[in-house]
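> Okay, here's the prediction I keep looking at, along with the sequence it came from:
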Amino acid sequence: MKTPYKNIYAVLKLNRFIVLTVVICATLSGFFAIFMVFNINKKALNNAFAINTSGDVIPLKLVSQKENFTVEALAHLELFHTYFYNIDASNYEKNLKKALWLGNSSVDNLYRQKKADGVYNRLLQYSLVQKVLSIDSQIEEKNGVYVFRTTTIFEINRGSIIDTYELVSTGKLITVDRNFPNNPHGLLIIDYFENTLKKVSDES
């Protein structure tokens, strides 16, 4: 008696079904694995963990990179404008040296121009005191570049006369390596320019 053989087409059809099922399951498993890795990575980037005194792990929510950059940028701009404009005969060399760490050649060129114009000589000659009263900066991102506009109010004490001025300056910010204490925020001012300077009041 002959052994009955299954129809070859039925066998091939069954094999094809099994192969397709395996391929589809493998593909779906791969997509699911990729999704899980992406999701875990996203959560890891947005969270940090600390261990308290009892040994428990505490999740900490990190500040977003953009918010963190804004805080760092405003602090950097305030530090620079304080060093560059809050000067007198006793501290101007020290303050200007610190300010030059926070900007590129555009800041250095402005410093050299002021020096050539005799600004710092007059500071020494007449014992002037230039004091910053307020610093207000606005930062805007344009095509991946951070542009700032800062309004600095400062007064110049000439002894019997105190003049108050408003300075509007502009420039851009780029990220660099942190260099503590010279450049603690890891930012650098470029294309710095003093746009307008006007006297706002006189006090006697």
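Looks like it arrived, so ask away.
> So what pairs up with Val132 in the strands?
Note on Val132: beta-bridge partners by DSSP bridges are Phe154.
> May I have the residues that are in contact with it?
Taking CB atoms under 8 Å, 6 or more residues apart in numbering, we find Val132 in contact with His81, Thr82, Tyr85, Asn86, Thr152, Ile153, Phe154. To be clear about C-beta, it is placed using only N, CA and C from the backbone, and glycine gets the same treatment.
> Out of those, flag the one nearest to Pro181.
Thr82 (14.4 Å; CB to CB).
> so that closest one sits right up against Ser134, yeah?
No. Applying CB atoms under 8 Å, one finds Thr82 not in contact with Ser134, separated by 10.7 Å.
> For these two, indicate the residue with more neighbours.
A count of neighbours by other CB atoms under 10 Å puts Thr82 above the other of Thr82 and Ser134, at 17 against 11.
> From Glu140, how far off is the more buried one?
As defined by CB to CB, to the nearest Å, Thr82 lies at a distance of 22 Å from Glu140.
> before we move on, what about Phe38?
In terms of CB to CB, Phe38 sits 31 Å off from Glu140.
> quick check: longest helix of the chain.
Counting residues, the longest helix found in the chain (DSSP state H) is helix 8-46.
> quick revisit: how about the contacts of Val132 in TSV, adding distance to Asn183 and pLDDT?
Below are the contacts of Val132 laid out as TSV (distance: CB to CB, whole Å; pLDDT from 0 to 100):
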residue	distance to Asn183	pLDDT
His81	15	98
Thr82	14	98
Tyr85	18	98
Asn86	18	97
Thr152	20	98
Ile153	25	97
Phe154	23	97
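> Just give me the closest of those residues to Lys98.
Thr82 (9.3 Å).
> Leu123 - how many residues pack around it?
Counted with other CB under 10 Å, Leu123 comes out at 18.
> Also Tyr92?
Tyr92, neighbours per other CB under 10 Å, totals 19.
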